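Enquirer: one predicted model, sequence on top.
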Amino acid sequence: ANAQVEFFCDVVRAIAAHGGSVFSESPVSQAAGSLHRSAGLEKHATMYDHPKVVALIREFGLCSLYSDQCESGAPTRKSTHFLVTPDLLAGSHAQRATAAD
């Protein structure tokens, strides 16, 4: 899991270094205190909770968006957490995502 986080951070930094945009998807946290908390998953963590990703979010001002994929036609709810660069924020709202943070 740590190798995946390292690779993710390297890719985001490479994209940002060349002026590119980032759009990343992960399941929502279901930990205690989360809007999507679930019994029995109080200690659940996502990749976005990893300290290196938290630092990356701050470094590049990545924005969190949340969406239930059923709003886009999927047959189930599947709550999803997206991280996007600020330049993609407005367009993401147009696709029914809700901003947070």
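Expert: Nice, thanks for sending it over. Quick caveat: nothing in here was measured; it's all calculated off a predicted structure.
Enquirer: can I get the longest helix seen in the chain in PDB, CA atoms only?
Expert: Longest helix of the chain, by residue count under DSSP state H: helix 2-17. Taking Å, rounded to 0.1, in the frame of the first residue of the first chain, the C-alpha atoms of helix 2-17 are listed here in PDB:
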ATOM      1  CA  ASN A   2       2.800   2.400   0.800                       C
ATOM      2  CA  ALA A   3       4.400   1.800  -2.600                       C
ATOM      3  CA  GLN A   4       1.100   2.700  -4.300                       C
ATOM      4  CA  VAL A   5       0.900   5.900  -2.300                       C
ATOM      5  CA  GLU A   6       4.500   6.800  -3.200                       C
ATOM      6  CA  PHE A   7       3.700   6.200  -6.900                       C
ATOM      7  CA  PHE A   8       0.500   8.200  -6.700                       C
ATOM      8  CA  CYS A   9       2.400  11.200  -5.100                       C
ATOM      9  CA  ASP A  10       5.200  10.900  -7.800                       C
ATOM     10  CA  VAL A  11       2.600  11.000 -10.600                       C
ATOM     11  CA  VAL A  12       0.800  14.000  -9.200                       C
ATOM     12  CA  ARG A  13       4.000  15.900  -8.700                       C
ATOM     13  CA  ALA A  14       5.100  15.100 -12.300                       C
ATOM     14  CA  ILE A  15       1.800  16.200 -13.700                       C
ATOM     15  CA  ALA A  16       1.800  19.400 -11.600                       C
ATOM     16  CA  ALA A  17       5.400  20.200 -12.600                       C
END
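Enquirer: show me which parts of it are buried, residue by residue.
Expert: 5, 8-9, 12, 16 (16 or more other CB atoms under 10 Å). (C-beta placed from N, C-alpha, C; glycine too.)
Enquirer: same deal with stretch 32-50?
Expert: Judged by neighbour count using 16+ other CB under 10 Å, the buried positions of stretch 32-50 are 34, 36, 44, 47-48, 50.
Enquirer: any idea how far apart the tips of that stretch sit?
Expert: Terminal residues of stretch 32-50 are spaced 16 Å apart (CA to CA, to the nearest Å).
Enquirer: what are the ranges of the helices in the chain?
Expert: 2-17, 51-60, 89-94.
Enquirer: quick one: low-confidence ranges for this structure?
Expert: Low-confidence segments of the chain, defined by pLDDT under 70, are located at 69-77, 91-101.
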